[in-house]
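Asker: below are the sequence and a predicted model; questions follow.
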Amino acid sequence: MARGTPYFDRAPVADFDTLLEKYGSREFASPFRSTVPLFSLVKDGWPLFREILLQCGLPEEADLHFEYTQDVTRGRGKASHTDLMVCADERSLAIEAKWTEPRYETVAEWLVRGSTEQPLEEKHDGKEITSNREEVMAGWPESIRSRVPGLAPVGDFSNAIYQMVHRAASACERSPRPQLGYLQFKSSDVLSGNSTYWTDLCRLHELLGHPSNFRFHLIEIDVAPTLAFDAIRHLEKGSAATDLAVRDSLLGTLLFEFGSPKIRSL
């Protein structure tokens, strides 16, 4: 069975062992980070991941860009890091994996957190940008607007999830035929961090005017941790020893049994 070509960001890697080495030194310092089942799914559950790609209209030979970065286009700020950007021809699917994470902050909440930053002195289109975060935020819709004409004004994004906005923008910057997918892992013995992804995706898609050329997906997969995962589930979170142990486990015995994906699309 054909398999996609792995990359770390934009750099091709020879195999999944090499890919794992590229992640930051504490990326796997907890076995409950969503990167763990995502990596396991692509590496060990390829037939199921292939099914997701096909249902989203991408071929199984697509390029798989793990930790795909997109720099801010305005202001000063950290790049957006998409868990996995799947690319084929002019198509892209930005996948954000979720498992135990809580709901992320809205655009309004993110802007308030940055209210103490020094104002910028420059102006754009005659309007003063009062803070660096407002400047950064103004850039993401510009990226989306390049693929979605008639986009809502920036202020209308206040109740949207900020992470969701810049993940959508990253997909648009990548290709002219973008898609956004939130991949939620669900397990009966591990408390999922959030249950509002569908509502949040619907809200953002509505803000964009429900564009037919920019599809959103909620992909839900039931996961059952195996005995191999049980061996690492109680490791101390945040330690370098845990990071190493989780990496070793990902390259060894299967950590999860995956159910069939359930996909809702907009």
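Answerer: Cool, the structure landed.

Asker: from here on, just use CA atoms for contacts and neighbour counts.
Answerer: Noted.

Asker: which phi and psi does Glu236 have?
Answerer: Main-chain torsions, Glu236, degrees, to the nearest 10: phi -60, psi 130.

Asker: averaged pLDDT, the host helix or strand of Ile95. What do you get?
Answerer: Using DSSP states H and E, Ile95 falls within strand 91-98. Averaging pLDDT along strand 91-98 gives 97.

Asker: same thing with stretch 101-115?
Answerer: Averaging pLDDT along stretch 101-115 gives 88.

Asker: thinking again about what came up before, now the helix or strand following the strand holding Ile95: buried residues?
Answerer: Using DSSP H and E, the helix or strand that follows strand 91-98 in sequence is helix 107-113. Using 16 or more other C-alpha atoms under 10 Å as the test for burial, helix 107-113 gives Val107, Ala108, Trp110, Leu111.

Asker: can I get those residues in TSV including distance to Lys186?
Answerer: Below are the buried residues of helix 107-113 laid out as TSV (distance: C-alpha to C-alpha, whole Å):
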residue	distance to Lys186
Val107	26
Ala108	29
Trp110	27
Leu111	31
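
Asker: now Tyr7: closest residue in space that isn't a chain neighbour?
Answerer: What sits nearest to Tyr7 in space, not counting adjacent residues and going by C-alpha to C-alpha, 6 or more residues apart in numbering, is His65, at 4.6 Å.

Asker: checking my notes, that neighbour in a strand, right?
Answerer: Yes - assessed with DSSP: H, G, I helix; E, B strand; the rest coil, His65 lies in a strand.

Asker: who does it bridge with?
Answerer: Here His65 sits in beta bridges with Tyr7, Met85, as judged by DSSP bridges.

Asker: that one and Ala88 touch, don't they?
Answerer: No - with contact defined as C-alpha atoms under 8 Å, His65 does not reach Ala88; the gap is 11.0 Å.

Asker: show me which of those two is the more surrounded one.
Answerer: Using other C-alpha atoms under 10 Å, the more surrounded residue of His65 and Ala88 is His65, with 24 against 18.

Asker: got the angle for whichever strand or helix holds Leu218 vs strand 91-98?
Answerer: Using DSSP H and E, Leu218 falls within strand 215-225. Per axes from the mean of the first three to the mean of the last three C-alpha atoms, to 10 degrees, the angle that strand 215-225 makes with strand 91-98 is 40 degrees.

Asker: can you tell me how far the spatially most central residue of the chain is from Thr35?
Answerer: Closest to where the C-alpha atoms of the chain average out (C-alpha atoms, centre = their mean) is Glu96, at 2.3 Å. With distances taken as C-alpha to C-alpha, to the nearest Å, Glu96 is found 9 Å from Thr35.

Asker: and the residue nearest to the centre of the chain, bridged to which residues?
Answerer: Applying DSSP bridges to Glu96 gives these bridge partners: Tyr182.
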